[in-house]
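**Q** Using only what follows, build the 3D model:
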Amino acid sequence: MEIKDRTIALLIDSDNVSHNYFSILLDELSQYGKVTYRRLYGDFTRPEAAGWKSALLEYSIEQIQQIAFTKGKNCTDSKMIIDAMDILYKHNVDCFCLATSDSDFTNLAMRFRNDNIVVIGAGEEKTPQSFRRACDIFIAIDELLKAKTAPAPQPSQGGKAKSGQTKPKAQKALRNVGGLIAAAKQIIEDGADPDGWMHFSAFMNEIWRRENDFNPTLYGFESSRPIPFFKSLKSKGKAVFRLEKLSNIDKIRLV
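**A** Have a look, this model is predicted:
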């Protein structure tokens with residue numbers, strides 16, 4: 001299943017997702033398609049929700065106020081699930097992004113996938129595996145924020161850019177790329193055509209099946225875009241993968 005050019009409904013559980021992650025989340029979703037629904041659910045009378053105020057205005061997010069009918073009960077989840085099903089039955093989106101760290105949305109994600117709807121989850125490290133694995137893609141928003149804001153490794157004296165040149169942005173690598181390269185090579189060896197090429201969309205489906213929170217930024221790359229990332233990967237100073245657009249289709253092979 002190719003996961004791009006999708007029409008996306010973004011539903012955010014403000015009880016479990018901080019406003020600090022929103023710009024990162026929206027940037028990540030842009031590579032998969034257009035976000036048409038932007039809805040934020042929660043009880044905005046709580047002081048903890050105050051941080052969302054500026055994001056609501058800046059990004060045109062629809063605020064869905066939900067006050068608990070019984071003390072100690074969270075009604076945000078049920079309202080978000082009801083709205084998600086309403087959107088599903090309108091048939092005007094083909095992808096949902098459920099931004100939450102709550103396992104209560106696991107069954108909803110599974111329901112969407114049963115209808116061949118792409119499900120993107122977004123949450124923090126604490127997100128239970130049950131919800132992570134129910135999603136086609138999981139965006140580890142706290143790890144991405146850490147990678148983007150942490151100081152990047154400083155180049156050695158011999159690696160300084162010449163005067164007037166701008167060095168590319170570097171991110172802090174949170175994961176070791178060696179295991180990813182080995183897995184990617186195995187995927188191509190198993191799935192390539194007789195001429196050695198593999199459709200890049202099929203390749204990425206296998207990457208996400210093995211590691212559905214895959215993101216180039218977590219490996220120290222300056223962008224979340226997978227094509228330039230895999231083009232850039234080297235082993236012992238040599239490129240590992242070759243990527244080309246053949247007959248208007250992105251393909252990948254081993255060098």
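**Q** any idea of the mean pLDDT in stretch 239-255?
**A** Averaged over stretch 239-255, pLDDT sits at 96.
**Q** Correction: the previous question concerned stretch 202-216.
**A** Stretch 202-216 comes out at a mean pLDDT of 94.
**Q** Would you mind listing the buried residues in it?
**A** Neighbour-count burial for stretch 202-216 flags 202-208, 212-216 (criterion: 16 or more other Cβ atoms under 10 Å). Glycine gets a C-beta too; all of them are placed from N, C-alpha and C.
**Q** Restricted to strands, list the residues you listed.
**A** Assigned to strands by DSSP state E, none of the buried residues of stretch 202-216 qualify.
**Q** quick check, nearest of those to Phe44?
**A** Asp213 (29.2 Å; Cβ to Cβ).
**Q** Show the contacting residues for that closest one.
**A** 132, 137-140, 143 (Cβ atoms under 8 Å, 6 or more residues apart in numbering).
**Q** hmm, 6 Å instead?
**A** Residues in contact with Asp213, defined by Cβ atoms under 6 Å, 6 or more residues apart in numbering, are 138, 140.
**Q** measure it to Tyr21 for me?
**A** 14 Å (Cβ to Cβ, to the nearest Å).
**Q** can you pull the pLDDT of Phe44?
**A** The model's pLDDT for Phe44 equals 83.
**Q** Just list the residues touching Ala202, thanks.
**A** So Ala202 contacts nothing (Cβ under 6 Å, 6+ apart).
**Q** picking up where we left off before, need the buried residues of stretch 202-216 in a markdown table with distance to Gln63, can you?
**A** Listed next are the buried residues of stretch 202-216 as a markdown table, based on distance: Cβ to Cβ, whole Å:
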| residue | distance to Gln63 |
| --- | --- |
| Ala202 | 40 |
| Phe203 | 39 |
| Met204 | 34 |
| Asn205 | 35 |
| Glu206 | 39 |
| Ile207 | 36 |
| Trp208 | 31 |
| Asn212 | 30 |
| Asp213 | 28 |
| Phe214 | 32 |
| Asn215 | 28 |
| Pro216 | 33 |
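**Q** ok, so of the residues you listed, who is nearest Asp86?
**A** Ranked by distance to Asp86 (Cβ to Cβ), the buried residues of stretch 202-216 are led by Asn212 at 26.5 Å.
**Q** ok, for that closest one, nearest residue in space, not its chain neighbours?
**A** In space, and not counting its chain neighbours, Asn212 is closest to Phe138: 4.9 Å by Cβ to Cβ, 6 or more residues apart in numbering.
**Q** can I have the helix or strand of the chain with the lowest mean pLDDT written out in CSV, keeping just the CAs?
**A** Using mean pLDDT, DSSP states H and E, helix 53-58 stands out as the lowest-scoring helix or strand of the chain, at a mean of 85. C-alpha atoms of helix 53-58 as CSV (Å, rounded to 0.1, in the frame of the first residue of the first chain):
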residue,chain,number,x,y,z
LYS,A,53,-4.2,28.3,22.6
SER,A,54,-1.6,29.8,20.3
ALA,A,55,-1.4,26.6,18.2
LEU,A,56,-5.2,26.7,17.7
LEU,A,57,-5.0,30.1,16.1
GLU,A,58,-1.7,29.6,14.2
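**Q** For that helix, which outside residues touch it?
**A** With Cβ under 6 Å, 6+ apart as the test, helix 53-58 has contacts from 19, 22, 63.
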